[in-house]
Structures are given as structure tokens and as C-alpha cells.
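J.: For reference, the sequence and a predicted model appear below.
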Amino acid sequence: MTTSLNPQFNQGTRSGGSRQSPKPYRGRFAPSPTGPLHLGSLTTALGSWLDARAHGGMWLVRIEDVDTPRTVPGADQLILEQLKAYGLEWDEEPTWQSERTSLYQKGLDQLIAKGLIYGCQCSRKQIEDVLQLAGVSISPNQELIYPGTCREQHLSIENHALRMRLPKDCVIGFVDRGLGKQSQDLHRQVGDFVLRRADGLFTYQLAVVVDDQAQRVTHVVRGADLLSNTARQIYLQCALGYETPHYLHLPLVTNTAGEKLSKQTQAAAIEMHSREIMLATLNRAAHYLGIADTTLAQQISIAQWLGIATERWNDRLVKECSS
Ligand code: GLU
């Protein structure tokens, strides 16, 4: 059985959080435990914490260790210690995705029952070959647009990767709180994407959507590097009958070569013992978030710094509402 989603939805723009009555704000920071926090991930944590505090809402921490082979032992505890040292306290017990796989299976079962999933046995090399034959040039580590090779093969869903079957007409629009109107043609720009890998691991796309719903997250605040994943996630939310949260993608912190700070670009772990250095780090993060000012540059306690930063963020929210 093959079903396609409501075409109105395929054409429509989801502004996020378009609820009948506003729900209490729940935000989250969702680090992958591949190493300690660096200036880039701290900036994301700070932005999402400030947004939650300025809204008088709840802030959750979710350790995204669904991709177990990439997980670095001990990185989760280190991240939690770093957040605490910077005063970014969470409101509910942190969660670990590796302990929530039965929820992801339930979400997947729902999609299977709707006929939206199919098994795929293509390796990356095979996909590259098909794309190259079709004249597509491919750079290393590039995300490949799946050409649909296994779509009509009716392979078993047991031992294969599982992909989401997208309708041909699948333009997803949404409004980002910072970046404004966004749109992505999922069929042409992404292709049928993987929800469970051949090794049985659930992918980020499925886990994040199921978790945001299960944790009643109303506001997603995260780095702009994830912007191109949002349309896929909105599509999944619709397919699963979930609500779409509000999205705000924050500016990326880059090194002098213009690369995103990450483990791959050898970003340094943030300091967590000297108040002076921590304040300087917070000020650098505030600069990227666009809220740096002279009051924040004073020698004050971390708690006072966060209090002033929350006021600055609140001023920004007032502008957001009136624009
Ligand atoms: N785990 C992702 C990361 O560390 C963030 C996912 C999200 O915020 O949706 O990049």
C-alpha cells in the first residue's frame, strides 16, 4: 500500500507552533556526545537557554547518542558539567536517546503501517555510481540525493536500510524566527531519506522528531548548520500527525578559515575553571548571538551575566513580536 500525504500540506508553509491555544514554552539543547562543548556548541546552548528563560519557559537537555559508534565515552558527563559551570541549568532530568529506541521503533511502525517506508540495499558507492551516470558531480562527504533505485523493489524491511517514500510534489515551506521564510523541495533536493540504517540504528531525523514530540518541545533553537534538515523533520511531523514547533536557527561560529567549529576542525573545549575566561567566552558567544554590549563586558558573576543577557534577549523578543 502506498499513501501520499495531503497535497495541501505539501504546498503549504508551516509557521511552526500554529496551535489553537499557545502551549507553555518548552525548549531543548540536544548535543551529540562526540566531544566536549566548544565555543560553537556553547553559543547554541546559550541561545536556546536564553530563549527559554526570556519566555519564562522550561529548558531541557537531551543527549543525542543515537549514533552509538560516534559517541565518545564520558563526553555526555563532561558536557553536563560544562553547562553547569556556565550556569545553564536544566529544568528536568536530562535524557539519553540511546535509552529511547522503543519510542523510535513505535514512530517507525506508524510510518510502515501507512505504507510510507521501503527497504533499500544501496551502498553509498552504488548511489554515487547511479548519480554519476546521470551526470551529477559529487564531492567527498556530500549528502547524496537518493535516486530512488530501490523504491519499487519491494525489499524486506527486516535487514535493509529503511527510507521514507516522498511524493513527487513535496515542497515544504516554513518560517524561521530569525531567517524568515524558508522552503525546500524534498523530492528534488533531498530524495527519499533514511530513517533506520542497515545496521539497525535509527537516524537523527527520526529520533529528533519523535523526541521533540514526546518531550512536548514547542521551540527548537539550534545552529544554522541544521537548517537544511528542518523540512525533512516537518515532513515527518506531518506524516506522524505531530505538531510543528517554532524554529530559530542561530548564526554559526566559524574559525579563521571560515569553517564551522567542530571536532573535525579541532575546536578547543571551553574553559570551566576561571571566571574571567568563562566570562570572556560568554561574551564571545553573546557577540555571535548579536546581544553583546558594554554591560555584559563588565567583571560580574556568571549568574549576573546571564541575568543581563536574558534581558537583552527579551528586548530582542519584543522586537520579534512587533515586527
Ligand atoms: N544533535 C545535534 C547536534 O549536536 C543537534 C540536533 C538538534 O538540535 O536538532 O548537532
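T.: Looks like it came in fine. For clarity, every value in this text was computed on a predicted model and none was experimentally measured.
J.: you'd agree residue 62 is in a strand?
T.: Yes: assessed by DSSP: H, G, I helix; E, B strand; the rest coil, residue 62 belongs to a strand.
J.: OK, contacts around it?
T.: 28, 29, 30, 94, 95, 96, 97, 211, 215 (Cβ atoms under 8 Å, 6 or more residues apart in numbering). In short, each C-beta sits where N, CA and C put it, glycine included.
J.: For the fourth one, the count of nearby residues, please.
T.: Right, the one you point to is residue 94. Neighbours of residue 94 under the rule other Cβ atoms under 10 Å: 15.
J.: Please tell me I have it right and it contacts residue 64.
T.: No: with contact defined as Cβ atoms under 8 Å, residue 94 does not count as touching residue 64 (11.1 Å).
J.: which residues in the stretch 151-300 of the chain form helices?
T.: If DSSP state H, counting those that start in this stretch is used as the criterion, the helices of the stretch 151-300 of the chain fall at 186-189, 204-214, 230-239, 275-289.
J.: So which of the ones you listed is nearest the ligand?
T.: helix 204-214 (4.8 Å; Cβ to the nearest ligand atom).
J.: So which residues make contact with that closest one?
T.: 28, 30, 62, 64, 66-67, 95, 97, 100, 103-104, 106-108, 193-196, 217, 220, 229, 232-233, 236-237, 240, 242-243, 245.
J.: near the ligand, anything from that helix?
T.: Yes: on the criterion Cβ under 6 Å from any ligand atom, helix 204-214 is in touch with the ligand at residue 208.
J.: Mind telling me which residue of the stretch 101-250 of the chain is nearest the ligand?
T.: For the stretch 101-250 of the chain, Cβ to the nearest ligand atom, closest residue to the ligand: residue 222, 3.7 Å.
J.: So what pairs up with that residue in the strands?
T.: residue 249 (DSSP bridges).
J.: Where do the helices of the stretch 1-150 of the chain begin and end?
T.: With DSSP H, counting those that start in this stretch as the criterion, the stretch 1-150 of the chain has helices spanning 7-11, 39-54, 75-85, 101-113, 124-133.
J.: Just name the most buried of those helices.
T.: Compared across these, helix 39-54 shows the largest average neighbour count, a mean of 25 (mean count of other Cβ atoms under 10 Å).
J.: what residues are up against residue 236?
T.: Contacts of residue 236 (Cβ under 8 Å, 6+ apart): 164, 205, 206, 209, 242.
J.: What pLDDT does the model give the third one?
T.: It stands for residue 206. For residue 206, the model assigns a pLDDT of 98.
J.: before we move on, what about residue 284?
T.: Reported pLDDT for residue 284: 96.
J.: hang on, isn't it packed against residue 40?
T.: No: using Cβ under 8 Å, residue 284 is not in contact with residue 40, being 10.4 Å away.
J.: so what's the most centrally placed residue in the chain closest to, chain neighbours aside?
T.: Geometric centre of the chain, nearest residue: residue 226, 5.4 Å, by Cα atoms, centre = their mean. Closest residue to residue 226 apart from its sequence neighbours, by Cβ to Cβ, 6 or more residues apart in numbering: residue 249 at 6.7 Å.
J.: coming back round to it: can you narrow the contacts of helix 204-214 to ones near the ligand?
T.: 30, 64.
J.: What subset of the contacts of helix 204-214 is buried?
T.: Neighbour counting by 16 or more other Cβ atoms under 10 Å classes 28, 30, 62, 64, 66-67, 95, 97, 100, 103-104, 107-108, 193-196, 217, 220, 229, 232-233, 236-237, 240, 242-243, 245 among these as buried.
J.: still on that earlier bit, pick out the shakiest of the helices of the stretch 151-300 of the chain, pLDDT-wise.
T.: helix 186-189 (a mean of 94).
J.: Just the CA trace of that helix, in PDB.
T.: Provided in PDB are the C-alpha atoms of helix 186-189 (Å, rounded to 0.1, in the frame of the first residue of the first chain):
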ATOM      1  CA  LEU A 186      12.400  17.500  -0.600                       C
ATOM      2  CA  HIS A 187      11.900  15.300  -3.600                       C
ATOM      3  CA  ARG A 188      14.400  17.200  -5.800                       C
ATOM      4  CA  GLN A 189      16.900  18.500  -3.100                       C
END
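J.: Mind giving me the packing neighbours of it?
T.: helix 230-239 (3 or more Cβ pairs under 8 Å, 6 or more residues apart in numbering; DSSP states H and E).
J.: what's the angle between the helix it packs on and helix 204-214?
T.: Counting by axes from the mean of the first three to the mean of the last three Cα atoms, to 10 degrees, helix 230-239 points 50 degrees away from the direction of helix 204-214.
J.: Okay, angle between helix 230-239 and helix 101-113 too, please.
T.: Using the same axes, to 10 degrees: helix 230-239 against helix 101-113 is 70 degrees.
J.: mind exporting helix 230-239 as CSV, just the C-alpha atoms?
T.: Taking Å, rounded to 0.1, in the frame of the first residue of the first chain, the C-alpha atoms of helix 230-239 are listed here in CSV:
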residue,chain,number,x,y,z
THR,A,230,14.2,21.1,9.1
ALA,A,231,12.0,20.5,6.0
ARG,A,232,12.6,16.7,6.4
GLN,A,233,11.6,17.0,10.1
ILE,A,234,8.5,19.0,9.4
TYR,A,235,7.5,16.4,6.7
LEU,A,236,8.0,13.6,9.3
GLN,A,237,5.9,15.5,11.9
CYS,A,238,3.1,15.8,9.4
ALA,A,239,3.3,12.1,8.4
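J.: Right, I'll leave it there.
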